[in-house]
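S.K.: have a look; sequence and predicted model below, questions after that.
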Amino acid sequence: MRKNFWNDRRKKERTHEGARAAKLSNEQRLRRSVLACLLWESEFYEDGETIAARITALAEKVAPETVAALAIEARSDMNLRHVPLLLLCVLAKTGAKKEKLVANTVVEVIQRADELSELVAVYWRDGKRPLSAQLKKGLARAFAKFDAYQLAKYDRPGPVRLRDVLFLVHAKPKATEQAETWRKLAAKELDSPDTWEVSLSAGADKRDTFTRLLTERKLGYLALLRNLRNMGEANVKEKLINAAIAERKGAERVLPFRYIAAARAAPAFEGALDKAMLASLARAPKLAGRTLLIIDVSGSMYGSMLSKKSDMNRALAASALGAIARELCEEPLIYATAGSDAKRVHETARVPARRGLALVDAIYGLCKPLGGGGIFLNQVMRYLEPKHPDVDRVIVITDEQDCGVNHD
C-alpha cells in the first residue's frame, strides 16, 4: 500500500460550500454548534441528527467544567431549551467524578417544570438506562423549585411524565404543603391550571377566555404573541390586546423573531408590536461608535424553515436580528449580501435607513434581488473596507457556509 501521500491532517478544512474554513479548537467548535442550535431541527446544510451527534462527540472531548458553563449559558443567556439538556446528558458521564458539578448544573439549567421530564427523555433517547447518581440528585433538587401550578401546567402526556421523574429520583419534600403537592402529582390529582389551553379544551368561549386572562394578566407574553390571530378572530377588544402587547410582561425571554412572526400572523397589531419591540430596546445599552452590520440573505437563509413547526425561515429571523442590532448601535451601517453561485461573485447592497418592522421588510425584500446564491464574505469585506475604513466593529448575521473566492 502506498504511504507517500499527505494524510488527512494536512488537508485544509472546508465549509459545506467549499471555502477554506478556519481551524477551531474542540471547545470553539462545541460553542459554535451549541449556541446556534435548535436541537434535532435540520438546517439547510445538515440534518438535526448529525448536528446532535457532533455536539455529543465534541462535549465528550471538552473539560466537564466548560460543558457545565456552556449548558448554563445556553439556557440562561441564550434562552435555548433542549440543547442544554443534551449537554447535561454528556456531563452526567464526563463529570461524574467532579463533586456536585453535575447536580449543581442540572439545578441551574432546569428552569421550567417540563424540562425535568424532557431531560430524562433525552437521557433515554437510545434506550432506558439507570440515571447516574449525580443526575438523580440534581433532578431531585430541581423538582423542589416548582409549585403546584407549574407542575400541573407542564404535566403533559408523553413517554416520560413528571410523576415518573418523581418516582425515579426519590425527591424529598421540604414542607408539608410540598409533600401534599407531590402526592397529588403522583396520584394524578393536581388541579387543572388556569391557562388558555385548559379553558378552551374544556369548551369555554374563546372571546371570554382571552378577555378574562388578559384582564387578570394571566396570559404569558409568548402565549399572547402566538394567539394574536385567534384573539382577533374572536373579536377580543383591540384596546385590551394592544395594552397587553405594550406592557411586555414576561417579554425578556421572548426571542426577537417572535415579534415578526406575530406581525405576519396578525397584521392588525403590527403597529403595537413595532412599538413594543422598539420600546424594549430603548433602555438597552448602546454599542458606541460606528458598527457595520452585514445581513446574509443568501439562498440557504430563506431556503429552509427555522423548525419543522415554524412558518419562518432564517432570513426573516436574521432580518429581525438586524432590526434589533440597529437599535443597539449608536451609528449603524447596514448591508445585505448574497451573490451568484455561477459567477462566484458577491452582490451587496446598502439597506434603506428604516427602523423596526419596516427595516425587517427592507432587509428581507433584498433576498432574491441580490441573487439568491451563497455568501462570499471575503469579497464582501474587501468591497466594504474602502467604503467604511473607520468602523469600530463588524457584525455579520449569517448561517456562514462561505463560498469563498474560487473556492480558495
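M.R.: Cool, the structure landed.

S.K.: C-alpha from now on. contacts and neighbour counts both.
M.R.: OK.

S.K.: can you report how many residues neighbour residue 81?
M.R.: 20 (other Cα atoms under 10 Å).

S.K.: show me what contacts it?
M.R.: Neighbour list for residue 81: 74-75, 115 [criterion: Cα atoms under 8 Å, 6 or more residues apart in numbering].

S.K.: ok, the residue nearest the centre of the chain - contacts?
M.R.: Among the residues of the chain, the one closest to the centroid is residue 80, at 4.7 Å (Cα atoms, centre = their mean). In this structure, residue 80 makes contact with 35, 38, 74, judged by Cα under 8 Å, 6+ apart.

S.K.: can you give me the pLDDT of the first one?
M.R.: So that's residue 35. Per-residue confidence (pLDDT) for residue 35: 86.

S.K.: one step back: any chance of TSV for the contacts of residue 81, columns neighbour count?
M.R.: Converted to TSV, these look like this (neighbours: other Cα atoms under 10 Å):
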residue	neighbour count
74	24
75	20
115	19
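
S.K.: now do stretch 282-298: distance to the chain's middle.
M.R.: 20 Å (Cα atoms, centre = their mean, to the nearest Å).

S.K.: can you get me the start-to-end distance on it?
M.R.: Its start and end residues considered, stretch 282-298 measures 30 Å (Cα to Cα, to the nearest Å).

S.K.: show the average pLDDT along it.
M.R.: For stretch 282-298, the mean pLDDT works out to 91.

S.K.: so the residue nearest to the centre of the chain, which state does it fall into?
M.R.: When classified by DSSP: H, G, I helix; E, B strand; the rest coil, residue 80 comes out as coil.

S.K.: can you pull the pLDDT of it?
M.R.: 90.

S.K.: what about it, distance to residue 289?
M.R.: Using Cα to Cα, residue 80 is found at 30 Å from residue 289.

S.K.: swap in residue 246?
M.R.: Residue 246 is 30 Å from residue 289, by Cα to Cα.

S.K.: so which of these two has more stuff around it?
M.R.: A side-by-side neighbour count of residue 246 and residue 289, using other Cα under 10 Å, places residue 246 first with 16 against 13.

S.K.: surely the more buried one forms part of a helix?
M.R.: Yes: Residue 246 sits within a helix when classified using three-state DSSP.

S.K.: for it, give me the pLDDT.
M.R.: At residue 246, the model reports a pLDDT of 93.

S.K.: helix, strand or coil for the residue lying closest to it once chain neighbours are set aside?
M.R.: Distance criterion Cα to Cα, 6 or more residues apart in numbering; nearest residue to residue 246, sequence neighbours excluded, is residue 276 at 5.3 Å. At residue 276 the chain is in helix, as set by three-state DSSP.

S.K.: so where's the stretch 1-150 of the chain uncertain?
M.R.: 1-22, 40, 42-48 (pLDDT under 70).

S.K.: can you map out the helices along it?
M.R.: 26-34, 48-61, 64-76, 83-94, 101-109, 114-123, 133-143, 148-153 (DSSP state H, counting those that start in this stretch).

S.K.: with distance to residue 238 added, can I get these in JSON lines?
M.R.: Below are these laid out as JSON lines (distance: least, Cα to Cα, whole Å):
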{"stretch": "helix 26-34", "distance to residue 238": "40"}
{"stretch": "helix 48-61", "distance to residue 238": "40"}
{"stretch": "helix 64-76", "distance to residue 238": "33"}
{"stretch": "helix 83-94", "distance to residue 238": "37"}
{"stretch": "helix 101-109", "distance to residue 238": "37"}
{"stretch": "helix 114-123", "distance to residue 238": "32"}
{"stretch": "helix 133-143", "distance to residue 238": "39"}
{"stretch": "helix 148-153", "distance to residue 238": "27"}
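
S.K.: of all the ones you listed, which one is nearest residue 166?
M.R.: Closest approach to residue 166 among the helices of the stretch 1-150 of the chain is made by helix 133-143 (7.5 Å; Cα to Cα).

S.K.: coming back round to it: where does the residue nearest to residue 246 land on pLDDT?
M.R.: 90.
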